[in-house]
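here you go, sequence then predicted model.
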2 protein chains.
Amino acid sequence: MDNMAFSNELLNSYVFLLKNVSEKFDEMYEIHLNEIGLKSRHAEVILVVNSNSGISQKDIGTAVKKDRTTMVKIIDELEAMKLITRKTDTKDRRFFNIYLTENGEELYKKIFEIKQIIESTLLAPLSDMEKIQFKKTLIKIL
Amino acid sequence: MDNMAFSNELLNSYVFLLKNVSEKFDEMYEIHLNEIGLKSRHAEVILVVNSNSGISQKDIGTAVKKDRTTMVKIIDELEAMKLITRKTDTKDRRFFNIYLTENGEELYKKIFEIKQIIESTLLAPLSDMEKIQFKKTLIKIL
DNA sequence: ATATATAATCAGTTTTATTGATTATTTTAA
DNA sequence: TTAAAATAATCAATAAAACTGATTATATAT
């Protein structure tokens, strides 16, 4: 392309800006996750299970916006990696309760560190005030 | 899930907030695009071609982060919809120059309107000052 | 002239997620 | 209390999107 920089029209569009900023975070996130042998869909589930120990597959799916059959696959993968365990719910045996293993908890900590690194790297151009305002604005939109 | 609202930990993470805000925009964008028979990967290309008339398939690919073979497919689809045309570059016949048809230009206008609607809807909770600051911050991060 | 490089294309594959049917279990309602 | 309806997880088949690697046509460099 003659001009690889972003065009004025695009720089003027919130949809475009958000998409690109979000992708920038995602790309960096993915690179760091690959280094610890994870894909982002695994990390995502580990984060959810960490803050909702014993959650069901279905509810993890709701949280990460994946359907029930996709969750079976992802949970299978995480179980094969020994990062989570399925335990049949004693009150309702249709459910599995999902828990992090010790390895899973350690990996959670690493994922958390990665998040911190990415945020401090990519938000470096902002002042502290700007960072706080940025977060407030994002929460307002959500 | 017991508590479907977002957890404090997640609300405190820029990665998470950005991802979710960006998804919120995407979802609404997709709904509106479906109404005019487009997928977001088509709209994306129409926007690029609109502001870079005659651009090559490869360079569109660079702009929308898709590889050469994927671009062949998407351009084929857009051509079948009569929204763009391929014309062999007279200076270097390895290239196709891609142009919007009249239909394509009309659809571009609709896509632009959709963007405006989405932005004014989703950014409604923000004050004018906040909107301006938000855009400045996004540009700084990019 | 010959070798190298590049844009577009095609066939085949991979990845990710979906649909629809099935099993096991629980809840509802007659 | 028992038969019907509902629900969580699973499985097989399929779909959608993108990629890999080989091929063709053309252009550039030595």
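That came through fine.

can you name the residues of chain A that neighbour DNA strand C?
Neighbours of DNA strand C within chain A, by Cβ under 7 Å from any atom of the strand: A:39, A:41, A:66-67, A:69-70, A:73-74, A:92-94. C-betas here are computed from N, CA, C, even on glycine.

please redo it, this time with the cut-off set to 6 Å
A:39, A:41, A:66-67, A:69-70, A:92-94 (Cβ under 6 Å from any atom of the strand).

reformat these as TSV; add neighbour count, secondary structure and pLDDT.
Compiled in TSV, the residues of chain A next to DNA strand C are given as follows (neighbours: other Cβ atoms under 10 Å in any protein chain shown; DSSP: H, G, I helix; E, B strand; the rest coil; pLDDT from 0 to 100):
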residue	neighbour count	secondary structure	pLDDT
A:K39	12	coil	94
A:R41	16	helix	95
A:K66	18	coil	95
A:D67	10	coil	95
A:T69	8	helix	97
A:T70	14	helix	97
A:D92	9	coil	96
A:R93	8	coil	95
A:R94	8	coil	96
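
could the residues you listed go into CSV alongside distance to B:I117?
What follows is these, written out as CSV (distance: Cβ to Cβ, whole Å):
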residue, distance to B:I117
A:K39, 35
A:R41, 31
A:K66, 29
A:D67, 29
A:T69, 34
A:T70, 31
A:D92, 44
A:R93, 48
A:R94, 43
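
tell me the one of the residues you listed nearest A:I141?
Comparing the residues of chain A next to DNA strand C against A:I141 with Cβ to Cβ places A:K66 closest, at 23.2 Å.

which stretches in chain A count as strands?
All strands of chain A, identified by DSSP state E, fall at A:84-88, A:96-100.

what's the most buried one of these?
Most buried of the strands of chain A by mean neighbour count (mean count of other Cβ atoms under 10 Å in any protein chain shown) is strand A:96-100; its value is a mean of 20.

centre-most residue in chain A?
The C-alpha lying nearest the average C-alpha coordinate of chain A belongs to A:E44 (Cα atoms, centre = their mean; 3.8 Å).

how much space separates the closest residue to it other than its chain neighbours from A:R93?
Of all residues not flanking A:E44 in the chain, A:V64 sits nearest, at 5.0 Å (Cβ to Cβ, 6 or more residues apart in numbering or on different chains). For A:V64, the distance to A:R93 equals 24 Å [Cβ to Cβ, to the nearest Å].

again, but for A:I60
18 Å.

quick one: the helices in chain A, in order.
For chain A, helices defined by DSSP state H occupy the ranges A:8-11, A:14-35, A:40-51, A:57-64, A:68-80, A:102-122, A:128-141.

about what we covered before: how about CSV for the strands of chain A, with mean pLDDT and distance to B:I98 added?
Output for those, formatted as CSV (pLDDT from 0 to 100; distance: least, Cβ to Cβ, whole Å):
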stretch, mean pLDDT, distance to B:I98
strand A:84-88, 97, 47
strand A:96-100, 98, 48
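
so which of these gets nearest B:K87?
Comparing these by Cβ to Cβ, strand A:84-88 comes nearest, at 54.4 Å.

parallel or antiparallel, which strands does that closest one pair with?
Sheet neighbours of strand A:84-88, with direction, are listed as strand A:96-100 (antiparallel) (DSSP bridges).

output the below-cut-off pLDDT ranges for chain A.
Applying pLDDT under 70 to chain A flags residues A:1-10.

interface residues of it facing DNA strand D?
A:56-58, A:68-69, A:72, A:75, A:94-96.

I figured the residue nearest to A:E44 hits A:A43, correct?
No: here A:V64 lies out of contact with A:A43, judged by Cβ atoms under 8 Å, at a distance of 10.2 Å.

which one's more surrounded, those two?
Under the neighbour definition other Cβ atoms under 10 Å in any protein chain shown, A:V64 and A:A43 were set side by side, and A:A43 has more, 21 against 15.

tell me the most buried of the helices of chain A?
helix A:40-51 (a mean of 20).
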